[in-house]
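> Predicted coordinates and the sequence they were generated for:
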Amino acid sequence: MGNSPGRVVAEINIDTPYPRGESFRTSTEYNKYCRLINEHLRRLG
């Protein structure tokens, strides 16, 4: 979400089975999604 007013700036599908356990949060795949989301947010500022 962008800010003021809120708007969707990207839709990112997480292609991993649900529910995701704790091991997902420490996986390289999770890290990849975090970097991708951070990249989209950085473009806003």
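Structure's in. What do you need?
> can you pull the buried residues of the lengthiest helix in the chain?
Longest helix in the chain, counting residues (DSSP state H): helix 28-44. Using 16 or more other C-beta atoms under 10 Å as the test for burial, helix 28-44 gives residue 33. Bear in mind the C-beta positions are built from the backbone N, C-alpha and C, glycine included.
> Below-threshold pLDDT in this protein: ranges please.
The chain contains residues with pLDDT under 70 at 1-4, 45.
> residue nearest the centroid of it?
By C-alpha atoms, centre = their mean, the mean C-alpha position of the chain lies nearest to residue 37, the distance being 3.9 Å.
> Please name the residues that touch it.
For residue 37, the contact set (C-beta atoms under 8 Å, 6 or more residues apart in numbering) comprises 10, 12.
> mind running it again at 7 Å?
Counting by C-beta atoms under 7 Å, 6 or more residues apart in numbering, residue 37 makes contact with residue 12.
> mind checking how far it is from residue 27?
15 Å (C-beta to C-beta, to the nearest Å).
> now stretch 24-34: how far from the chain's centre is it?
From the chain centre to the centre of stretch 24-34 is a distance of 10 Å (C-alpha atoms, centre = their mean, to the nearest Å).
> residues in contact with that stretch?
Around stretch 24-34, the neighbours that count as contacts under C-beta under 7 Å, 6+ apart are 12, 14, 16.
> burial measure for the last one, as a count.
It refers to residue 16. 12 (other C-beta atoms under 10 Å).
> can you check the second one too?
When neighbours are counted by other C-beta under 10 Å, residue 14 registers 11.
> For residue 35, see how far away residue 19 is.
Relative to residue 35, and taking C-beta to C-beta, residue 19 is found at 23 Å.
> residues in contact with residue 10?
residue 40.
> Over to it. Which of the three states is it?
Assigned by DSSP: H, G, I helix; E, B strand; the rest coil, the conformation of residue 10 is coil.
> Can you give me the separation between it and residue 24?
Taking C-beta to C-beta, one finds residue 10 at 20 Å from residue 24.
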